[in-house]
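Novice: Here is a sequence together with a model predicted from it:
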Amino acid sequence: MKHVRVASILAALALLALPACSQQADEPAPSGPSLTRADPVAQPAPWWNDEVFYEVFVRSFSDSDGDGIGDLQGLIDKLPYLDDLGVTALWLMPITESPSYHGYDTTDYFTVEPDYGSNEDFTALVDAAHERDMEVIVDLMLNHTSTEHPWFIDSASSPDSDKRDWYVWSESDSGERTDWGAPVWHELNGAYYLGLFWEGMPDLNYRNPEVTEQMHEVARFWLEEMGADGFRLDAVRHLIEEDGDFDGTAPTHEWLAQWDDFVDSVDPEALTVGEVWDDTAQVAPYVVDDEVDLAFEFTLAESLIASVDDGDPDMFTDALESVLAAYPPGQFAPFLTNHDQNRVMSQLFGDVAKAKLAASALLTLPGVPFVYYGEEIGMLGVKPDEQIRTPMQWDATEGAGFTSGTPWEPVNDDYPELNVAAQDADPDSLLNHYRTLLAVRAAHPALGLGSVQVLESTCESLHAALRRTADGADTVLVMVNFADEPATGCAVSAGSSDLAEGTLSGTDAIGGEPAEALEVGADGAISDYAPLPTLAPGAVAVVELSA
């Protein structure tokens, strides 16, 4: 492991103390077995299972030189904020040279985008982050380049070009279209090239071993020379088409497994996180078959937000059960939204209470959570893409504290009221809610590394899960009330568990108040355990259980 994080951010734990409320549970506790059980993360645990990642769009995060564009030095300047927030690792959206604002169409895999700084600025960021015990992974676009990349310019210049076969060419347009209805073949110089996402992003040809070798060198460069701790892999299910199929083909899986082996040979601790935007059953094999270390869990994210919006945990619980059954313990990446989706606060129609609930559910999950920049203050945004990637709202000054110049994209109109500075001193703010949750997660390794056992509850609005480290040193019961009304007298049960028979004392790790003791029966049975009298609307409790 690269490090063992010391949990030291405990001062904020009183911020989420749960008020007394009233609503009686009206059904007896079930006595049957628990819903789902999953093992703890295998030991020794990979370093990433001890992390919470923060997704940064450098262009929109912090501008250090007043040109209206965020840069790497600006991100370095904001590391104290991120450290205080409690995130422990960074994912940077594309930072290599590109003609576009988003950077997913690179023209040079080996050079930092000049708008953001230099290669030296990136290594300075890595050094500064590592000094704070933060890792840094970078977006890597394996599927495609820009049409302005020298490789493609050479490839398109002539059928006899040495790099002709570095991309996928056809003499005709087959008329194939993507699942979202866009054409995949684009005409140039009397021939057609494959560009799955857009005509400005031609697909690389991984049937050509020269291309694979080149991408080996790209990975080696970022790991060995630039000091990156790994990669977020963009659009990896689309790498190699076969018989008109562009999604998750057998050659794609085979190539990824070999490429991941190469990455491990360069740095056995390098992390690869795959973007496979699909259902859990289609995503999990990429991890199970050792093609990537982690994969983003889109189904879980969508189900979590839907459950929060509906005030009912069933969709979330069902999705979590599927996830726990599909992946090796802890080897998936839960999140709420990312740079390709309408922001979670917009999906929840600006409801701060629901945003707090979504954060509570996310940051008490197993796996490796990812938080999208601005999510912690409730930034709004709906597509088009530029509107979900707007500048970070730091304060109420002109430019929202993002820049002293004219921002590359207008700052959201609500920045005078909705910003970091305004929420910083408010103990009830969404920002301080995130800080508290992250401090609790840091203090309890059971949340990141522990086994998971979903429990039955007498309250329909309650999601409850028992979490326990492999050595039994940390055991907590997570209870999340999804309803917009109080839940009183909620009791949880399980026919068996990993707990030893006997009495365990309980403490609410968030409010600091004593909880009811738990009497564990034979075979670890838990019967009608009601640790706290009341859970407020949308509240979360993390109950420490100890002998």
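Specialist: Received the coordinates, thanks. Residues are numbered from 1 along each chain as shown.
Novice: So what are the sheet partners of the lowest-mean-pLDDT helix or strand in the chain and their directions?
Specialist: The weakest-scoring helix or strand in the chain, judged by mean pLDDT, DSSP states H and E, is strand 36-38 (a mean of 89). Here strand 36-38 has these sheet partners by DSSP bridges: strand 451-454 (antiparallel).
Novice: Pull out the buried positions in the partner strand.
Specialist: Neighbour-count burial for strand 451-454 flags 451, 452, 453, 454 (criterion: 16 or more other C-beta atoms under 10 Å). Any C-beta I mention is one placed from the backbone N, CA and C, and that applies to glycine too.
Novice: and what of stretch 260-272?
Specialist: 260, 263, 267, 270, 271, 272.
Novice: Surely the fifth one and residue 229 touch.
Specialist: What that stands for is residue 271. Yes. The pair residue 271 and residue 229 qualifies as a contact (C-beta atoms under 8 Å) at a distance of 6.2 Å.
Novice: Identify the contacts common to those two.
Specialist: Shared contacts of residue 271 and residue 229, defined by C-beta atoms under 8 Å, 6 or more residues apart in numbering, are found at 135, 137.
Novice: Now find how far off-centre the least confident helix or strand of the chain is within its chain.
Specialist: Remark: strand 36-38 is offset 22 Å from the chain centroid, using C-alpha atoms, centre = their mean, to the nearest Å.
Novice: what's it in contact with?
Specialist: In this structure, residues lying in contact with strand 36-38 by C-beta under 8 Å, 6+ apart are 320, 321, 324, 325, 329, 366, 451, 452, 453, 454.
Novice: Of the buried residues of stretch 260-272, which belong to helices?
Specialist: Among the buried residues of stretch 260-272, the members found in helices (DSSP state H) are 260, 263.
Novice: Among the buried residues of stretch 260-272, which pair sits farthest apart?
Specialist: Farthest pair in those (C-beta to C-beta) is 260 and 267. Separation: 11.7 Å.
Novice: Average pLDDT for stretch 327-341, rounded please.
Specialist: Predicted confidence along stretch 327-341 averages 98 (mean pLDDT).
Novice: what about that stretch, start to end distance?
Specialist: 24 Å (C-alpha to C-alpha, to the nearest Å).
Novice: buried sites along stretch 167-180?
Specialist: Under the neighbour-count criterion of 16+ other C-beta under 10 Å, stretch 167-180 has 167, 168, 169 buried.
Novice: now those residues in JSON lines, with secondary structure and pLDDT?
Specialist: JSON lines is the format used below for the buried residues of stretch 167-180 (DSSP: H, G, I helix; E, B strand; the rest coil; pLDDT from 0 to 100):
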{"residue": "167", "secondary structure": "strand", "pLDDT": "98"}
{"residue": "168", "secondary structure": "coil", "pLDDT": "97"}
{"residue": "169", "secondary structure": "strand", "pLDDT": "97"}
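Novice: Tell me how far residue 449 lies from residue 362.
Specialist: Distance, residue 449 to residue 362, by C-beta to C-beta, to the nearest Å: 17 Å.
Novice: Just the closest of the buried residues of stretch 260-272 to residue 102, please.
Specialist: Nearest to residue 102 out of the buried residues of stretch 260-272 is residue 272 (C-beta to C-beta; 21.2 Å).
Novice: Who is the closest one paired with across the strands?
Specialist: In beta-bridge terms (that is, DSSP bridges), residue 272 pairs with residue 231.
Novice: State whether residue 187 is indeed within a strand.
Specialist: Yes. Counting by DSSP: H, G, I helix; E, B strand; the rest coil, residue 187 is part of a strand.
Novice: Now do it: how many residues are near it, please.
Specialist: Close neighbours of residue 187, defined as other C-beta atoms under 10 Å, add up to 13.
Novice: Number the chain from 2, please
Specialist: With the count now opening at 2, the last piece we talked about shows up as residue 188.
Novice: Next, the contact list for the residue lying closest to it once chain neighbours are set aside, please.
Specialist: Nearest non-adjacent residue to residue 188, counting by C-beta to C-beta, 6 or more residues apart in numbering: residue 174, 7.0 Å away. Going by C-beta under 8 Å, 6+ apart, residue 174 touches 184, 186, 188, 193.
Novice: What residues of stretch 308-320 count as buried?
Specialist: 308, 309, 310, 312, 313, 314, 316, 317, 318, 320.
Novice: which one of those is nearest residue 296?
Specialist: Nearest to residue 296 among the buried residues of stretch 308-320, with distances taken as C-beta to C-beta, is residue 320, at 14.4 Å.
Novice: Centre-most residue in the protein?
Specialist: Most central in the chain under C-alpha atoms, centre = their mean is residue 371, positioned 2.4 Å from the mean C-alpha point.
Novice: And that one, how far from residue 292?
Specialist: Per C-beta to C-beta, residue 371 is found 19 Å from residue 292.
Novice: In a helix, residue 61, correct?
Specialist: Yes. With three-state DSSP as the criterion, residue 61 is part of a helix.
Novice: from what I can see it touches residue 71, true?
Specialist: Yes. Look at residue 61 against residue 71 with C-beta under 8 Å: they come within range, at 5.4 Å.
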